[in-house]
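Enquirer: generate coordinates for the sequence data below:
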Amino acid sequence: MPTTPKIFFVTGVSSGFGQAFATRFLQEGHTVVGTVRNPDDVAPFAKLADGTPGTAAARRLDVTDDEAVFATVAEVERTVGPIDVVIANAGYGHEGILEESPMSELRRQFDVNVFGAVATLKAALPFMRERRHGHLMGVTSMGGLMTIPGLAYYHGSKFALEAILETLAKEVKALGIAVTAIAPGSFRTDWAGRSMVRTERSLPDYDELMNPVRANRRAADGNQLGDPAKAAEAVLSIAGAPDAPVHLVLGSDALRLVGSARTEVDEEIERWADLSRTTDIPDGAQIT
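Expert: Sure thing, here's the model as predicted:
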């Protein structure tokens with residue numbers, strides 16, 4: 001059965017997952033409106049459509065500029081057509097011990113990874129709500145469902161986005177709008193390389209913990225298990241599907257690490273359950 005062409009709006013398409021998503025969607029004959037921050041990335045994005053049945057249209061956008069995000073989505077709806085799928089993909093990683101990392105880096109991490117993503121989804125939501133149709137996606141991370149030392153700011157941003165997307169899914173389900181949090185494991189993107197901000201080390205007390213972590217991550221860059229093209233294929237397979245998952249974990253490493261982390265939390269909750277129950281007022285109202 002031939003694929004019905006869709007209009008995708010994808011942020012951060014100059015590299016990594018965004019570029020992989022756009023490439024695969026174009027190959028399938030869809031229209032992809034992709035956002036880039038650097039004007040030099042506009043022409044290369046348009047060339048992704050060469051030799052494909054799809055249509056590529058670039059928009060320059062800084063996702064931390066709320067007004068620009070809302071204006072851009074409205075302009076795309078007006079000039080390109082009704083957006084079927086939004087993928088809030090733009091983001092980056094921050095690596096650093098929490099005590100060593102300045103608050104300014106935490107604010108910047110949330111500006112892009114959380115506020116930029118939410119603004120993108122909010123901008124498209126009124127149009128989808130009016131049509132009672134659409135699929136809102138956000139690229140989170142396995143790091144939004146589990147943690148490791150040295151990524152506190154990054155994990156915080158991705159946990160926040162996971163929670164927002166899960167809540168949004170419950171709010172719009174009855175309106176015909178699907179929501180999916182895409183949680184990749186380790187993939188061969190620029191995340192651990194040029195796209196990562198690293199706070200300089202300053203406290204020797206953390207050397208034994210952090211130095212090997214940082215060295216191992218640098219060594220793994222370019223040798224990760226995940227293939228971005230296969231991630232794009234997986235995302236395409238659920239785009240607009242009536243049974244699309246709210247949480248889509250990508251990669252066997254992500255399945256293993258997220259599963260282990262969730263088991264640890266469940267076991268700890270159960271271990272302290274008796275203490276937890278001691279805080280109840282006997283005749284208090286129960287949340288259902």
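Enquirer: quick one: the helices in the protein?
Expert: 16-27, 42-47, 66-79, 103-110, 117-131, 152-172, 207-220, 228-238, 252-271, 273-277 (DSSP state H).
Enquirer: neighbouring contacts of the longest one?
Expert: This points to helix 152-172. By CB atoms under 8 Å, 6 or more residues apart in numbering, the surrounding residues in contact with helix 152-172 are 91, 93-98, 101, 105-106, 109-110, 113-114, 117-118, 121, 125, 128-129, 136, 138, 140-141, 143-145, 147, 178-181, 183, 246-247. All C-beta spots, glycine's among them, are computed from the backbone N, C-alpha and C.
Enquirer: ok, back up a step: buried deepest among the helices of the chain, which one?
Expert: Counting by mean count of other CB atoms under 10 Å, helix 16-27 has the highest mean neighbour count of the helices of the chain, with a mean of 24.
Enquirer: quick one, it and helix 228-238 angle?
Expert: 60 degrees (axes from the mean of the first three to the mean of the last three CA atoms, to 10 degrees).
Enquirer: so which other helices or strands are in contact with helix 16-27?
Expert: Judged by 3 or more CB pairs under 8 Å, 6 or more residues apart in numbering; DSSP states H and E, helix 16-27 is in contact with strand 7-11, strand 31-36, strand 55-60, helix 228-238.
Enquirer: reformat these as TSV; add mean pLDDT and distance to residue 197.
Expert: Shown next, in TSV, are the helices and strands packed on helix 16-27 (pLDDT from 0 to 100; distance: least, CB to CB, whole Å):
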stretch	mean pLDDT	distance to residue 197
strand 7-11	98	18
strand 31-36	97	19
strand 55-60	96	22
helix 228-238	95	21
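Enquirer: ok, which of the ones you listed comes nearest residue 86?
Expert: Judged by CB to CB, the one of the helices and strands packed on helix 16-27 that comes nearest to residue 86 is strand 7-11, at 4.8 Å.
Enquirer: only C-alpha atoms, please: export that closest one in CSV.
Expert: Output in CSV follows, covering the C-alpha atoms of strand 7-11 (Å, rounded to 0.1, in the frame of the first residue of the first chain):
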residue,chain,number,x,y,z
ILE,A,7,4.3,17.1,6.4
PHE,A,8,7.0,16.7,9.1
PHE,A,9,8.4,19.6,11.1
VAL,A,10,11.8,18.7,12.6
THR,A,11,14.1,20.9,14.6
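Enquirer: which stretches of the chain have low pLDDT?
Expert: Applying pLDDT under 70 to the chain flags the ranges 1-2, 190-193, 220, 222-223.
Enquirer: let me see the contact set for the spatially most central residue of it.
Expert: Closest residue to the average C-alpha location of the chain: residue 139 at 1.6 Å, with CA atoms, centre = their mean. Shown in contact with residue 139 (CB under 8 Å, 6+ apart): 17, 87-89, 91, 182, 184.
Enquirer: farthest pair within those residues?
Expert: Greatest spatial distance among those (CB to CB): 88 and 184, at 13.9 Å.
Enquirer: counting neighbours, go ahead and name the busier of those two.
Expert: In this view residue 88 and residue 184 are compared by other CB atoms under 10 Å, and residue 88 has more residues nearby, 30 against 26.
Enquirer: who does the more buried one bridge with?
Expert: According to DSSP bridges, the partner residues bridging residue 88 are residue 138.
Enquirer: how much space separates it from residue 112?
Expert: Note on residue 88: its distance to residue 112, by CB to CB, to the nearest Å, is 10 Å.
Enquirer: and for those two, which residues touch both?
Expert: Contacts common to residue 88 and residue 112, judged by CB under 8 Å, 6+ apart, are residue 63.
Enquirer: need the residues that contact stretch 27-39.
Expert: 3, 5-14, 18, 21-22, 25-26, 42, 45, 48-49, 52-63, 72, 76, 80-81, 83, 90, 236.
Enquirer: now those: which count as buried?
Expert: Buried by 16 or more other CB atoms under 10 Å: 6-14, 18, 21-22, 25-26, 45, 48-49, 52, 54-59, 61, 63, 72, 76, 83, 90, 236, out of these.
Enquirer: what would the helices of the chain look like in a markdown table with distance to residue 36?
Expert: A markdown table is the format used below for the helices of the chain (distance: least, CB to CB, whole Å):
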| stretch | distance to residue 36 |
| --- | --- |
| helix 16-27 | 9 |
| helix 42-47 | 6 |
| helix 66-79 | 12 |
| helix 103-110 | 19 |
| helix 117-131 | 14 |
| helix 152-172 | 21 |
| helix 207-220 | 26 |
| helix 228-238 | 17 |
| helix 252-271 | 27 |
| helix 273-277 | 48 |
